[in-house]
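Asks: okay, sequence plus prediction incoming.
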Amino acid sequence: MAQAPLQLAILIFFAFASSSFAYGPLGHQIVGAIADRKLAGTPTAEKIKILLDGIPLARASLIADDIKSWDKNGPDDRRGIHFLAHPEIEQQLHDFWKANPPSPDANDEMPSHHWMHYTDVPVLDAEKYGDGKIGRGNWDVVHTIPYCIGVLRGEIAEDNPRKITKTIAVILLAHCVGDIHQPLHVGAEYFSEVGEPIDPDRGPTGLGDEGGNSLSLLQNATAERTRHYYHSFHAYWDLDTVRNLTIGTPDEVPKEERETVYAPAKEKLIADFVANEPKNWRMSGDPKTWAEQWANEILPIAHESARLPRLVNRCRRR
């Protein structure tokens with residue numbers, strides 16, 4: 001249990017931060033930066049510094065997505081993202097990626113590292129994670145988080161089949177505790193052959209929307225934007241919601257201007273969270289149960305988010 005303080009502090013501060021922002025790169029960076037500041041000067045911060053070889057949590061929170069750049073040509077492809085200044089972490093990431101490849105056989109013995117970011121609980125009847133089986137898996141985000149806790153506690157050996165070392169466990173927690181607070185990383189809508197929403201836990205399986213990834217939003221061309229703009233419903237939650245709330249505008253920011261626009265808004269948000277803890281944010285019980293508690297808390301929001309595609313679908317039929 002020697003690693004318990006490390007694991008507890010990581011989860012506490014990520015849970016605190018992720019109550020509002022935890023989706024795309026901007027959201028994950030905000031969560032990680034808040035954790036960095038809340039932990040600054042503590043023994044836990046020193047332990048994390050050693051495990052991450054000095055990489056701050058604001059940066060580590062992006063790594064689980066970064067390694068997706070290896071999916072097409074493998075981790076040795078020079079064109080992918082690498083961590084050459086941290087060769088031991090680079091090797092651990094290689095081992096983890098190879099043990100959890102992007103396109104495995106559909107079985108629990110050989111999962112994909114992609115599976116660890118989400119779960120697809122049916123949202124039609126606003127059920128809880130434990131109410132059924134469809135969309136859940138032994139390597140979804142609800143199971144990955146407690147597995148990482150087990151590694152940090154020393155209950156699971158670092159030389160495990162998934163190659164999740166203590167370092168990889170911190171990297172995954174830095175990201176996945178954010179992901180589990182994104183409604184469409186937890187819930188999914190399922191449809192019958194005629195396009196009607198269904199509950200596959202209580203009838204035919206149907207076709208899932210993959211947490212909104214298979215639902216496209218279309219913004220028509222305007223005088224300001226001369227092209228059609230396609231966006232998945234999932235990406236809207238991942239990117240647009242955090243961006244809009246952070247900088248207070250729905251308009252896109254040109255790439256060359258993003259840092260200038262985001263930096264002060266992001267800094268203000270981080271400082272506000274560090275100074276003012278939200279009420280009732282602390283979790284209770286064994287931290288290994290927190291992932292399912294978080295999933296159950298966010299599922300009602302996932303249920304509400306699914307209403308938009310349903311309304312659009314009804315309008316199109318009229």
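Replies: Arrived safely. Numbering: from 1, shown residues only.
Asks: the strands in the stretch 151-300 of the chain, which residues?
Replies: 187-188, 190-191, 197-198, 207-208, 216-219, 229-232 (DSSP state E, counting those that start in this stretch).
Asks: pick the most buried one from those.
Replies: Highest mean neighbour count among these (mean count of other Cβ atoms under 10 Å): strand 187-188, with a mean of 28. From N, CA and C alone the C-beta is placed, and that goes for glycine too.
Asks: what sits up against that one?
Replies: 120-123, 135, 208-212, 298-299, 302-303, 305-306 (Cβ atoms under 8 Å, 6 or more residues apart in numbering).
Asks: from the residues you listed, which is closest to residue 180?
Replies: residue 298 (7.0 Å; Cβ to Cβ).
Asks: run a quick check on the closest one versus residue 186, I expect a contact.
Replies: Yes: if you go by Cβ atoms under 8 Å, residue 298 and residue 186 touch, sitting 5.0 Å apart.
Asks: the two: which is more packed in?
Replies: residue 186 (28 against 22; other Cβ atoms under 10 Å).
Asks: that older thread, quick check, nearest of the contacts of strand 187-188 to residue 174?
Replies: residue 298 (18.3 Å).
Asks: show me what contacts the closest one?
Replies: Contacts of residue 298 by Cβ under 8 Å, 6+ apart are 180-183, 186-187.
Asks: any chance of those residues in CSV, with distance to residue 79 and pLDDT too?
Replies: Converted to CSV, the contacts of residue 298 look like this (distance: Cβ to Cβ, whole Å; pLDDT from 0 to 100):
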residue, distance to residue 79, pLDDT
180, 31, 93
181, 32, 89
182, 28, 88
183, 33, 89
186, 33, 93
187, 35, 91
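Asks: in JSON lines: these, plus distance to residue 197.
Replies: Listed next are the contacts of residue 298 as JSON lines, based on distance: Cβ to Cβ, whole Å:
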{"residue": "180", "distance to residue 197": "23"}
{"residue": "181", "distance to residue 197": "24"}
{"residue": "182", "distance to residue 197": "21"}
{"residue": "183", "distance to residue 197": "16"}
{"residue": "186", "distance to residue 197": "17"}
{"residue": "187", "distance to residue 197": "12"}
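Asks: and those residues, which two are furthest apart?
Replies: The widest separation within the contacts of residue 298 (Cβ to Cβ) is 12.1 Å, between 181 and 187.
Asks: low-confidence stretches in the stretch 151-300 of the chain?
Replies: Scanning the stretch 151-300 of the chain for pLDDT under 70 picks out 218-230, 248-253.
Asks: residue ranges of the helices in it, please?
Replies: In the stretch 151-300 of the chain, the segments counted as helices under DSSP state H, counting those that start in this stretch are 166-179, 233-235, 241-247, 258-275, 290-305.
Asks: and the longest one, which residues are buried?
Replies: In terms of neighbour count (16 or more other Cβ atoms under 10 Å), helix 258-275 has its buried residues at 262, 265-266, 269-270, 273-274.
Asks: also the last one?
Replies: Along helix 290-305, the positions that meet the burial threshold by neighbour count (16+ other Cβ under 10 Å) are 290-296, 298-299, 301-303, 305.
Asks: who are the packing partners of the strand or helix carrying residue 45?
Replies: In the assignment (DSSP states H and E), residue 45 maps to helix 43-51. Helices and strands touching helix 43-51, by 3 or more Cβ pairs under 8 Å, 6 or more residues apart in numbering; DSSP states H and E, are helix 4-17, helix 25-39, helix 166-179.
Asks: buried ones in that helix?
Replies: For helix 43-51, burial by neighbour count (16+ other Cβ under 10 Å) applies to 44-45, 47-48, 51.
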